[in-house]
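**Student:** this one's structure only:
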DNA sequence: TTATAAATTTGACCGTGGTCACTTTTGTCT
DNA sequence: AGACAAAAGTGACCACGGTCAAATTTATAA
């Protein structure tokens, strides 16, 4: 091992990420083109794929980082004492995940890790999210009959399902929130 | 309105569908190429896109039809009297949905309808599936405290989540079934 | 300093999904 | 039968993600 990594490579990666984020801010995730990213970053196309396995990998990084910010912010708040408060706390995350159909698709596609040793940024955030939900469930406590981890996974499943159904028919944001509330009520407060 | 539709068009569509199904049977969903389909069907490329909005629309037709078969078969069986029986009944569907990562992605992407007036074949099958689950829930009955429709939606959400998590880490089929059992047990038999 | 090998970058090239102006076929009306 | 208009089909063309052998840069060792 003579030269394991060069700072030049790190700088190039940063240029690519910054260029991509700028373009996304100006347009959208869906509209992002690899050719535009490399032009803005001032590198050749091949360089992009030396740093990211494919376009999806870049998206995973950027979207995962955004989710991390939102979840960290959510985790700062005190534990919600009822379901409406919980739904309200989740609104920023819901807003981002529903901002573009494309974004939701990327998130769902990467919601599970490809391998134990290689948990991607989005899958990692799902773990964090589930742990947070589990903590909430433990403090209130909802569902003392089952493990907190399981409660968290259930919240996550209903969270995804509510958003997925929202992208379908002509459901407004309000419908999403009320649907999620129904799910959580049935999941967390049976009987 | 002089000539609203021609049987020639219907025949062409059938040729395309048959060619696609043959190629999928020989290779896989993922490996299907539009160019191969049109070559096998003996039509021009443009014809394909006159019949299907895009490649995804063809996949939706074929996968949706397959799901319809499986669900119809599942619906014939008597209502499962406990959760292990329910999981066992779902095995054919699970098997298909996990046969290829690509197939699962297409299904999830189309699990909700784009608009009320245009419910696609996959979204339609989700409706059927949820109704079936609701019927099961009503007959046993699980969760008398909430609407059968809601019980069905919950089963569906956990069904998807169990499969999604299965594609991740190094989980075997057994892990999927036991995970699904845990979910359903917690959802259907609280306390 | 110079030789050397690994790390990094390059850009011409390819595969494949999708478009569209044009041609051919079909069915109806007189 | 012939004229006509809409439906169906065609294939050259484009957009864009991704590849790879070759060129360039970097860091270490002699």
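**Tutor:** All right, it came through fine. For clarity, every value in this text was computed on a predicted model and none was experimentally measured.
**Student:** please identify the buried residues of stretch A:61-81?
**Tutor:** With burial defined by 16 or more other Cβ atoms under 10 Å in any protein chain shown, the residues of stretch A:61-81 counted as buried are A:61, A:62, A:63, A:64, A:66, A:67, A:70, A:71, A:74, A:80. Backbone N, C-alpha and C define where each C-beta goes, glycine included.
**Student:** give me the contact list for that stretch.
**Tutor:** A:17, A:20-21, A:24, A:29, A:52, A:86, A:88-90, A:92-93, A:96, A:103, A:106-107, A:110, A:120-122, A:124-125, A:128-129, A:132, A:135-136, A:139-140 (Cβ atoms under 8 Å, 6 or more residues apart in numbering or on different chains).
**Student:** just the buried members of those?
**Tutor:** Using 16+ other Cβ under 10 Å, the buried members of those are A:17, A:20-21, A:24, A:29, A:52, A:86, A:89-90, A:93, A:96, A:103, A:106-107, A:110, A:120-122, A:125, A:128-129, A:132, A:136, A:140.
**Student:** contacting residues for the nearest residue to residue A:133 once chain neighbours are set aside?
**Tutor:** In this structure, residue A:133 finds its nearest non-sequential neighbour in residue A:152, 3.7 Å apart by Cβ to Cβ, 6 or more residues apart in numbering or on different chains. By Cβ under 8 Å, 6+ apart, the contact set of residue A:152 is A:129, A:130, A:131, A:132, A:133, A:134, A:137.
**Student:** dihedrals phi and psi, the fourth one?
**Tutor:** When read as degrees, to the nearest 10, the backbone of residue A:132 gives phi -60, psi -50.
**Student:** walk me through the domains of chain A.
**Tutor:** A:1-52, A:56-188 (automatic domain parsing).
**Student:** of the ones you listed, which is nearest DNA strand D?
**Tutor:** For DNA strand D, the closest of the domains of chain A is domain A:1-52, at 3.0 Å, according to Cβ to the nearest atom of the strand.
**Student:** the residue nearest to the spatial centre of chain A and residue A:52: what is the separation?
**Tutor:** In chain A, the residue lying closest to the centroid (Cα atoms, centre = their mean) is residue A:67, at 4.3 Å. Note on residue A:67: its distance to residue A:52, by Cβ to Cβ, to the nearest Å, is 18 Å.
**Student:** ok, residue A:13 touching residue A:51?
**Tutor:** Yes. Counting by Cβ atoms under 8 Å, residue A:51 is a contact partner of residue A:13 at 5.0 Å.
**Student:** so where's chain A uncertain?
**Tutor:** A:1-4, A:113-117, A:169-172 (pLDDT under 70).
**Student:** in which helix or strand would I find the residue nearest to residue A:133?
**Tutor:** Assigned by DSSP states H and E, residue A:152 falls within helix A:148-166.
**Student:** which ones are touching residue A:31?
**Tutor:** Contacts of residue A:31 by Cβ under 8 Å, 6+ apart are residue A:23.
**Student:** sorry, back to before: keep only those of the buried residues of stretch A:61-81 that are in helices.
**Tutor:** Members of the buried residues of stretch A:61-81 lying in helices (criterion: DSSP state H): A:61, A:62, A:63, A:64, A:66, A:67, A:70, A:71, A:74.
**Student:** what about the residue nearest to residue A:189 when sequence neighbours are not counted, how many neighbours?
**Tutor:** Once flanking residues are discounted, residue A:189 sits nearest to residue A:142: 6.6 Å by Cβ to Cβ, 6+ apart. Burial measure for residue A:142: 22 neighbouring residues, criterion other Cβ atoms under 10 Å in any protein chain shown.
**Student:** what's near enough to touch residue A:142?
**Tutor:** Per Cβ under 8 Å, 6+ apart, neighbours of residue A:142: A:151, A:188, A:189.
**Student:** right, is stretch A:55-66 up against DNA strand C?
**Tutor:** No. With Cβ under 7 Å from any atom of the strand as the criterion, DNA strand C is not reached by stretch A:55-66; the gap is at least 11.7 Å.
**Student:** now do that stretch: distance to the chain's middle.
**Tutor:** Relative to its chain's centre, stretch A:55-66 lies at 9 Å (Cα atoms, centre = their mean, to the nearest Å).
**Student:** between the ones in helices among the buried residues of stretch A:61-81, which sits nearest chain B?
**Tutor:** Chain B has its nearest neighbour among those in residue A:64, at 14.7 Å by Cβ to the nearest Cβ.
**Student:** pull the contacting residues for the closest residue to that closest one other than its chain neighbours.
**Tutor:** Residue nearest to residue A:64 in three dimensions, not counting chain neighbours: residue A:121, with 2.6 Å by Cβ to Cβ, 6+ apart. The contact partners of residue A:121, by Cβ under 8 Å, 6+ apart, come to A:60, A:61, A:63, A:64, A:65, A:67, A:68.
**Student:** which residue is the nearest non-sequential neighbour of residue A:154?
**Tutor:** Setting aside the residues directly before and after it, residue A:154 is nearest to residue A:187 in space (Cβ to Cβ, 6+ apart), at 5.1 Å.
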